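Asker: Turn this into a structure:
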Amino acid sequence: MEYHAYQDEVYQLSTELTWKGLELRFDKIWRTLGFLDVSNNAFQGSIPGDIGGLVLLDELNMSHNSFTGPIPSQLGHLAHLESLDLSYNELSGEIPLELASLDSLTTLNLSNNKLVGSIPESPHFMTFSNSSFLGNEDLCGPPLSKVCNNKVKSNAKMKSVDFILFLFVGIGFGVGFAVAIVVAWGIPVRKRT
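Answerer: Down below sits the predicted model:
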């Protein structure tokens, strides 16, 4: 995909598409494109980050393809996006935090991919149901009922570190106090004898 700037016009986008051995080039796809649906096409490879340049996009449906790799963080630039469907692909990695800032988003479907990690914690993401994230075995956190183990492990690790630190400090004070008592009581006893 390429961006072109013209003096009196909105930025334009051109792209090349290969379909069934036929190469097509589309020029003058406006950034004001409102709806993009490329679902059910058996597309492969990664989702182009350039889609984040379609800043006035309202709906994006790329479901039921064979897209791989991470969800591009550039999709977080789509401030007007109301519907995002990336379901039934083979997307991997974590959900970009930038998606959690899409306040216009009313419909989200990231189900049936290979996403991992915790769902971004934002009040807006809490409005989506479990069905938006199902089928991602290694995805965790609200609104899913699966608790993220990394948070539990890190809290448990911190508690054990705190306990060990407390233990050493306590032993240090105890030993220091005992030495101080022995020294304080031992000096006057020697002088008397």
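Asker: C-alpha from now on. contacts and neighbour counts both.
Answerer: OK.
Asker: Tell me how far residue 54 lies from residue 45.
Answerer: For residue 54, the distance to residue 45 equals 20 Å [CA to CA, to the nearest Å].
Asker: So the two - more neighbours on which side?
Answerer: residue 54 (25 against 12; other CA atoms under 10 Å).
Asker: If I look at the more buried one, what pLDDT would I see?
Answerer: On pLDDT, residue 54 comes in at 84.
Asker: Distance of it relative to residue 104?
Answerer: 15 Å.
Asker: And residue 81, by the same measure?
Answerer: Taking CA to CA, one finds residue 81 at 6 Å from residue 104.
Asker: In this protein, where is pLDDT below threshold?
Answerer: 1-20, 24-33, 150-163, 165-170, 173, 177, 186-193 (pLDDT under 70).
Asker: What segments of it are helices?
Answerer: Per DSSP state H, the chain carries helices over the ranges 149-192.
Asker: so what's residue 66 up against?
Answerer: By CA atoms under 8 Å, 6 or more residues apart in numbering, residue 66 lies in contact with 42-45, 88-90.
Asker: I'd say residue 42 and residue 63 touch.
Answerer: No: the pair residue 42 / residue 63 is not scored as a contact, 9.5 Å apart, by CA atoms under 8 Å.
Asker: where along this structure do the strands fall?
Answerer: 2-4, 12-19, 22-30, 35-37, 44-46, 59-61, 66-69, 83-85, 90-93, 107-109, 114-118, 138-140 (DSSP state E).
Asker: Parallel or antiparallel, list what pairs with the fifth one.
Answerer: The sheet places strand 44-46 alongside strand 66-69 (parallel), with pairing taken from DSSP bridges.
Asker: What residues of stretch 122-129 count as buried?
Answerer: 124-125, 128 (16 or more other CA atoms under 10 Å).
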